[in-house]
Each structure stands twice: as C-alpha cells, then as structure tokens.
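Engineer: got a predicted structure plus its sequence, pasted below:
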Amino acid sequence: SVMGTLKQSESHLIEVDRRVWPMQIQSLMLAQQKAATTTAYASITEDQQADCEKHLHQRLIEMNEKIQYHQNQFNEKKNNLIGFTSNIEESIQSFVQKHGVKPFEMKRNLKIAMINHDYDSEILRRQYLQEKPNEYQVKS
C-alpha cells in the first residue's frame, strides 16, 4: 500500500507578497487609478500600496477624532448633570453594552472574520500560482 503525506509545512516556505487589501479599499484604489495615468507595473503596485496605507491612516485618524469628540461630549454632559453618581454611570454603561454595543460588536466580528478568510484565501491563491500550475490544474 502507498502512504502519502501532506506537504503542509512546505506550503509556508513559499514566499509570496502578503500585502492584501480588502475589496472596499481595492475598489477605491481602482477608481482612483482609472483617473490617473499609468506607468510601469512595479511602480503602480508600490504607488497603490502607498495610497492604500495613506487611506488607512487617514481613516484611523478620522475615527479617532470621532471617538474623542463623542467622549468629550459624554464627559461634558455627565459633568453638567446634578446627582449623577458612579452607580448611575455603571447602570448606563451596562445597558449600552448589552443593548447598544453588542449588535455592532457582532457585525464587526463578522466583518473581521470575512476579511481574515479573504486574506487567507488570497495568500493560498498566490502560493498556488507560484507553483506554476498547468492550464488543466487552474481550471479544476
């Protein structure tokens, strides 16, 4: 009888570009690329990478500013209330966690899982293509 083994450990030795951006970012970058003139392929890739990183950093800054704004608004309103105790604050936070934040947290976790899946799938696709499969193998 023939005993086969998986090449599992070898698959991680295949070097591929691991910079993968979510589809939303790729779509945005493609729209911008159509408006721009094109040059060599390598420089476009590096330019796109830089553009994606710039876009990501800008979004993080915007989100942090929104969080800070809302935190300041909350603190201001909390300080203006008479009789606002730590027990009341804990009750409000518990209510918001249970009824307000939980659904958004679940949606966020789903999106993270989908992005992780897409990332893993793209890395496997790149590793597969580096093995230079023939036309029949690609179609199957």
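Structural biologist: Happy to help now that I have it. Residues are numbered from 1 along each chain as shown.
Engineer: kindly list the longest helix within the chain.
Structural biologist: Of all the segments of type helix in the chain, defined by DSSP state H, the longest one is helix 41-80.
Engineer: so what does that one touch, helix or strand wise?
Structural biologist: Under the contact definition 3 or more CB pairs under 8 Å, 6 or more residues apart in numbering; DSSP states H and E, helix 41-80 sits against helix 23-35. C-betas here are computed from N, CA, C, even on glycine.
Engineer: show me what counts as buried in the helix it packs on.
Structural biologist: I25, M29 (16 or more other CB atoms under 10 Å).
Engineer: for it, packing partners?
Structural biologist: Against helix 23-35 (3+ CB pairs under 8 Å, 6+ apart) you get helix 41-80.
Engineer: what mean pLDDT does the helix it packs on get?
Structural biologist: Average pLDDT, helix 41-80: 84.
Engineer: got the angle between whichever helix or strand comes after it and helix 41-80?
Structural biologist: Following helix 41-80 in sequence order, the next helix or strand is helix 86-96 (DSSP states H and E). Relative orientation of helix 86-96 versus helix 41-80 (axes from the mean of the first three to the mean of the last three CA atoms, to 10 degrees): 140 degrees.
Engineer: next, the buried residues of helix 86-96.
Structural biologist: For helix 86-96, a neighbour-count test (16+ other CB under 10 Å) marks nothing as buried.
Engineer: can you offset everything so residue one is 24?
Structural biologist: All right, first residue 24 from here; so that's helix 109-119.
Engineer: against H93, how distant is M86?
Structural biologist: Note on M86: its distance to H93, by CB to CB, to the nearest Å, is 11 Å.
Engineer: contacting residues for Q72?
Structural biologist: Neighbouring residues of Q72 by CB atoms under 8 Å, 6 or more residues apart in numbering: R42.
Engineer: residues near W44, how many?
Structural biologist: Look at W44: counted by other CB atoms under 10 Å, it has 21 neighbours.
Engineer: assign V39 to helix, strand or coil.
Structural biologist: coil (DSSP: H, G, I helix; E, B strand; the rest coil).
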